[in-house]
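Novice: next one to model:
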Amino acid sequence: MRAVPRVASAWPSDEAVGPGGFDIIGPAAVPPPLAPSDPVAGRMATGHPQPIAQAADFERVLRTRSRGQTQHFAVHHLPDRPSLSARARRGAERAVVVRKLSTAGAPGSDMPVDDSSVTAPAAASNRVVAAPDRLWLGAVVPKRHARRAVTRTLLKRQIRGALERHAAALAPGLWVVRLRAPFDKAQFPSAASDQLKRVARAELDALFDAAAAR
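Specialist: You can find the predicted model right below:
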C-alpha cells in the first residue's frame, strides 16, 4: 500500500508529532482525558470540527475514494468515529475489570457478569461502534507539494476554515483534505500571498460543495 503522506499541524506554533509520525492538527497535541460514559464524544467540544489525532484514522480515511477533487485538493470522508488511543484502551480495559469485580461481588445479583451493559470486547476495542454525530478533520499537506512552512500553514488554515464554513452541509464522521498537487511557483512566487489565499479558499469551497452534494 502506498505510504500515507505526513500530516502537518493546522497551527504554526504546533510542532508536536503524534503516533506514526503524524503531526496533530489543532490546538492541542495531547487529547484531554476521556469521559467514562462516552470514551470518544466525552472529549469533544460541541459546535466545532475536532482534530483527527490517530495515524491509523488518517490511513483509514485515505483508503476511501475521494468525495471530491479540484486542481490542488482532494477530500475523503469516512462515516465513523476516531479510534481510541492506546491510553484510552488501557483505561477502558481497567474499567471493565473494575465493573466485573463489582458486579460479581454484589449480593442478590442474578445477572451474569458477561451480560453486563459494558463487556470487555466492546470496551477494550480500538473502534467505537456508535454512529458519528459530529465532524473530525485531518489535513495532509506534504512537503513535496508545499516546501515552505509558511505556505503549508496558510493552506492548513484555509482547509480548516473551509470545513467550518461548510460543516452544516457535511455528513458526520472523519474528513481528511489532502494537497494533491503543488501550486505553480511562477504564478504564486510569494510563500504566502493574498492571491494564494483567495485561490485556495475558492478551490476548497468548491471542493466541499461537491462533497456535500454527493
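Novice: from here on, just use CA atoms for contacts and neighbour counts.
Specialist: Noted.
Novice: low pLDDT regions in the chain?
Specialist: 1-47, 85-130 (pLDDT under 70).
Novice: where along it do the strands fall?
Specialist: Using DSSP state E, the strands of the chain run over 50-51, 66-69, 73-78, 135-140, 173-179.
Novice: the third one pairs with which strands, parallel or anti?
Specialist: Using DSSP bridges, the neighbouring strands of strand 73-78 in the sheet come out as strand 66-69 (antiparallel), strand 173-179 (antiparallel).
Novice: deepest of these, which one?
Specialist: Per-residue neighbour counts averaged over each of these give the maximum for strand 173-179, namely a mean of 25 (mean count of other CA atoms under 10 Å).
Novice: contacts for it next, please.
Specialist: Here strand 173-179 makes contact (CA atoms under 8 Å, 6 or more residues apart in numbering) with 52, 58, 61-62, 72-82, 132-142, 145, 159.
Novice: that one to strand 135-140, inter-axis angle?
Specialist: Using axes from the mean of the first three to the mean of the last three CA atoms, to 10 degrees, one finds that strand 173-179 and strand 135-140 are set 20 degrees apart in direction.
Novice: extract the C-alpha set from strand 173-179 and format it as PDB.
Specialist: Listed next in PDB are the C-alpha coordinates belonging to strand 173-179 (Å, rounded to 0.1, in the frame of the first residue of the first chain):
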ATOM      1  CA  GLY A 173     -17.600  11.500  10.500                       C
ATOM      2  CA  LEU A 174     -14.000  11.700   9.700                       C
ATOM      3  CA  TRP A 175     -12.900  14.200   7.000                       C
ATOM      4  CA  VAL A 176      -9.400  14.400   5.500                       C
ATOM      5  CA  VAL A 177      -8.300  17.000   3.000                       C
ATOM      6  CA  ARG A 178      -5.000  16.400   1.200                       C
ATOM      7  CA  LEU A 179      -3.000  18.700  -1.000                       C
END
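Novice: quick one, domains of the protein?
Specialist: Described in terms of automatic domain parsing, the domain architecture of the chain consists of the residue ranges 19-83+129-213, 86-124.
Novice: quick one, phi psi at Thr64?
Specialist: phi -80, psi 160 (degrees, to the nearest 10).
Novice: from Glu164, how far out is it?
Specialist: Thr64 sits 22 Å away from Glu164, going by CA to CA, to the nearest Å.
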